[in-house]
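Structural data only, the sequence is not supplied:
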């Protein structure tokens with residue numbers, strides 16, 4: 001190899017070394033900056049460990065989801081139980097006697113139907129006259145009774161079912 005090429009070869013090697021040295025310095029700077037960002041994410045700004053915090057948040061979310069499932073189940077059971085409670089009431093007030101002179105009861109007689117979500121329950125009736133008052137109840141199953149019902153009692157049941 002001619003000596004003049006050695007000088008160009010040496011200068012090229014020096015130039016490449018300087019460029020590589022600059023690249024190494026730039027990479028060290030970027031690596032230091034990335035390490036600082038990772039430390040900030042990992043340990044937080046005030047010494048809080050973000051990784052542990054995220055794990056705790058994930059556990060809290062799982063606990064909330066479990067609690068919601070349990071509450072949905074409880075609501076479902078309560079809705080089922082609610083169907084068996086008295087929730088429909090129908091009230092009718094009337095004069096029990098067609099002949100107003102005979103009973104003089106006025107509009108003081110009444111029938112009240114108490115039904116659950118399945119239209120079962122009872123109808124309570126009170127017949128009032130100026131001399132006496134009689135109160136009785138009749139069982140209701142599926143909107144009907146085995147005991148004959150008066151028109152007012154059927155109307156009270158209808159009002160309870162329709163909510164009018």
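Cool, the structure landed. None of these values were measured; they are calculated from a predicted model.

pLDDT below threshold where in this structure?
Along the chain, segments meeting pLDDT under 70 span 1, 43-45, 47, 98-105.

any chance you could map the strands in it?
88-94, 109-115, 121-128, 133-140 (DSSP state E).

elements contacting the last one?
Where contact means 3 or more Cβ pairs under 8 Å, 6 or more residues apart in numbering; DSSP states H and E, strand 133-140 is packed against strand 121-128. All C-beta atoms are positioned from the backbone trio N, CA, C, and that covers glycine.

buried set for the strand it packs on?
Neighbour-count burial for strand 121-128, counted by 16 or more other Cβ atoms under 10 Å, picks out 121, 123, 124, 125, 127, 128.

Of all pairs in those residues, which one is the farthest apart?
121 and 128 (22.8 Å; Cβ to Cβ).

Just name the closest of the buried residues of strand 121-128 to residue 136, please.
Using Cβ to Cβ, the buried residues of strand 121-128 come closest to residue 136 at residue 125, 5.9 Å.

what bridges to that closest one?
Residues in a beta bridge with residue 125, per DSSP bridges, are residue 111, residue 136.

Residue 89 too?
As for beta bridges, residue 89 partners with residue 114 under DSSP bridges.

Enumerate every residue touching it.
Residues near residue 89 by Cβ atoms under 8 Å, 6 or more residues apart in numbering: 112, 113, 114, 115, 160.

Considering these, which possesses the most neighbours?
Of all the contacts of residue 89, the most densely surrounded is residue 113 (29 neighbours; neighbours counted as other Cβ atoms under 10 Å).

is it true that that one touches residue 90?
Yes - using Cβ atoms under 8 Å, residue 113 is in contact with residue 90, at 4.3 Å.

Between those two, which contacts overlap?
Common neighbours of residue 113 and residue 90 (Cβ under 8 Å, 6+ apart) are 156, 157, 159, 160.

farthest pair in those?
157 and 159 (7.3 Å).

and of the strands of the chain, who's closest to residue 16?
strand 88-94 (94.0 Å).

got the angle for the closest one vs strand 109-115?
170 degrees (axes from the mean of the first three to the mean of the last three Cα atoms, to 10 degrees).
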